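Peer 1: Sharing a sequence plus its predicted fold:
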Amino acid sequence: MHGLITKSTGSWYQVQTPEGKKLDCRIKGKFRIKGITTTNPLAVGDLIEFDMEPDQETGIITTLHERKNYIIRKSINLSRQAQIIAANLDQAFLVVTLASPRTSLGFIDRFLVTAEAYHIPARLIFNKLDLFSDEGLEILAVYRRIYENLGYPCYEVSAVKGINVDKIIDVLKNKVSLFSGHSGVGKSTLINKILPQLSLRTTQVSEWHDKGMHTTTFAEMFELPSGGFIIDTPGIRELGIVDIEKKELGQLFPEMRKRMDGCRFKNCRHINEPGCAILSAVETGEIELSRYEGYLSIYNGHDTRA
């Protein structure tokens, strides 16, 4: 039998069959994916095969189908290990707020770099539009200009008031979409507006505690009536960059990627080298200073600051 992992608690997985039935499944013994060392061998979005346990309503997962992509982050407690947030994504949304809580440009850049690294198209949702002052709207316009000029679609919404939520619904159809962001940015409120029948509450997690809920974060997948799925992730306070070599980092910034061939040296780090096309573009304003500072922060290893 085969199915789709729609929820995970670390030791148990909720699996949805092609007929729409949901079953609790687990893995037996060591289940390691070749080449990937993570705290969770399987993740929401994985396509798997399983066998039903004799005389039980539960299953044993036997096979993981090849992933088209996945998105990964450092574990909170195990600094050397990483955690797969979700797999087989068509797009990833970062829900951003300019205050209460503030999402920094550095955090946005780390999210976009992570999405670029795993070949996942990314979009930004600026939430709490109903709370913006005139000054806030000016800052929002600056943020939008920075990221839309780089090709990242941006949306201004108020999840509470329902403003522009229809624009988000339109781009979710028939796609597997990840929603991420800091705690408190209104992800659950937004998802409730998209799928009112869910009535997402934080207490919903408690019924799973008996099945080995880890202290790390786990995602949950919800089917859309228009086709596709939303993957909701618990709030991320910090986002550590994983498995990206310094020499590859510039390739994950679109504005740097298209200018790197202009550097005098092939192994240019874009820090203080003569004839660097990136530094020239920063000086002329063709590359935003905030983006370049984000590059330096990640390059120098200061990549987990919120």
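Peer 2: Ah, there it is. Residues are numbered from 1 along each chain as shown.

Peer 1: chain center to the helix or strand bottoming out on mean pLDDT in the chain: distance?
Peer 2: Here the helix or strand of the chain ranked lowest by mean pLDDT, DSSP states H and E is strand 70-74, holding a mean of 81. In terms of Cα atoms, centre = their mean, to the nearest Å, the centre of strand 70-74 is found 8 Å from the chain centre.

Peer 1: Adjacent strands (with direction) for that strand?
Peer 2: strand 82-87 (antiparallel) (DSSP bridges).

Peer 1: and after the strand it pairs with, which helix or strand comes next?
Peer 2: Using DSSP states H and E, the helix or strand that follows strand 82-87 in sequence is strand 91-96.

Peer 1: quick one: that next one to strand 70-74, angle?
Peer 2: Strand 91-96 runs at 40 degrees relative to strand 70-74, counting by axes from the mean of the first three to the mean of the last three Cα atoms, to 10 degrees.

Peer 1: what angle separates the very next helix or strand once past strand 91-96 from strand 70-74?
Peer 2: Using DSSP H and E, the helix or strand that follows strand 91-96 in sequence is helix 105-117. Relative orientation of helix 105-117 and strand 70-74, computed by the same axes, to 10 degrees: 140 degrees.

Peer 1: Only C-alpha atoms, please: export the lengthiest helix in the chain in PDB.
Peer 2: Counting residues, the longest helix in the chain under DSSP state H turns out to be helix 134-148. Taking Å, rounded to 0.1, in the frame of the first residue of the first chain, the C-alpha atoms of helix 134-148 are listed here in PDB:
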ATOM      1  CA  ASP A 134       1.800  55.500   7.500                       C
ATOM      2  CA  GLU A 135       5.400  54.900   8.400                       C
ATOM      3  CA  GLY A 136       4.800  51.200   8.400                       C
ATOM      4  CA  LEU A 137       3.400  51.300   4.900                       C
ATOM      5  CA  GLU A 138       6.500  53.200   3.700                       C
ATOM      6  CA  ILE A 139       8.700  50.500   5.100                       C
ATOM      7  CA  LEU A 140       6.600  47.900   3.600                       C
ATOM      8  CA  ALA A 141       6.900  49.600   0.200                       C
ATOM      9  CA  VAL A 142      10.700  49.400   0.600                       C
ATOM     10  CA  TYR A 143      10.600  45.700   1.500                       C
ATOM     11  CA  ARG A 144       8.400  44.900  -1.500                       C
ATOM     12  CA  ARG A 145      10.600  46.800  -3.900                       C
ATOM     13  CA  ILE A 146      13.700  44.900  -2.700                       C
ATOM     14  CA  TYR A 147      12.200  41.500  -3.100                       C
ATOM     15  CA  GLU A 148       9.900  41.900  -6.100                       C
END
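
Peer 1: From the contact counts, what lies against it?
Peer 2: On a contact count with 3 or more Cβ pairs under 8 Å, 6 or more residues apart in numbering; DSSP states H and E, helix 134-148 meets helix 105-117, strand 122-126, strand 154-156. All C-beta spots, glycine's among them, are computed from the backbone N, C-alpha and C.

Peer 1: Check which residues of stretch 153-171 are buried.
Peer 2: Pro153, Cys154, Tyr155, Glu156, Val157, Ser158, Ala159, Asn164, Val165, Ile168 (16 or more other Cβ atoms under 10 Å).

Peer 1: now those residues as JSON lines including distance to Val95 and pLDDT?
Peer 2: What follows is these, written out as JSON lines (distance: Cβ to Cβ, whole Å; pLDDT from 0 to 100):
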{"residue": "Pro153", "distance to Val95": "14", "pLDDT": "98"}
{"residue": "Cys154", "distance to Val95": "12", "pLDDT": "98"}
{"residue": "Tyr155", "distance to Val95": "10", "pLDDT": "97"}
{"residue": "Glu156", "distance to Val95": "12", "pLDDT": "97"}
{"residue": "Val157", "distance to Val95": "9", "pLDDT": "96"}
{"residue": "Ser158", "distance to Val95": "12", "pLDDT": "95"}
{"residue": "Ala159", "distance to Val95": "8", "pLDDT": "93"}
{"residue": "Asn164", "distance to Val95": "13", "pLDDT": "97"}
{"residue": "Val165", "distance to Val95": "12", "pLDDT": "96"}
{"residue": "Ile168", "distance to Val95": "10", "pLDDT": "97"}
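
Peer 1: any chance of these in a markdown table, with distance to Ile48 too?
Peer 2: Shown next, in a markdown table, are the buried residues of stretch 153-171 (distance: Cβ to Cβ, whole Å):
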| residue | distance to Ile48 |
| --- | --- |
| Pro153 | 32 |
| Cys154 | 35 |
| Tyr155 | 33 |
| Glu156 | 38 |
| Val157 | 34 |
| Ser158 | 38 |
| Ala159 | 33 |
| Asn164 | 36 |
| Val165 | 33 |
| Ile168 | 29 |
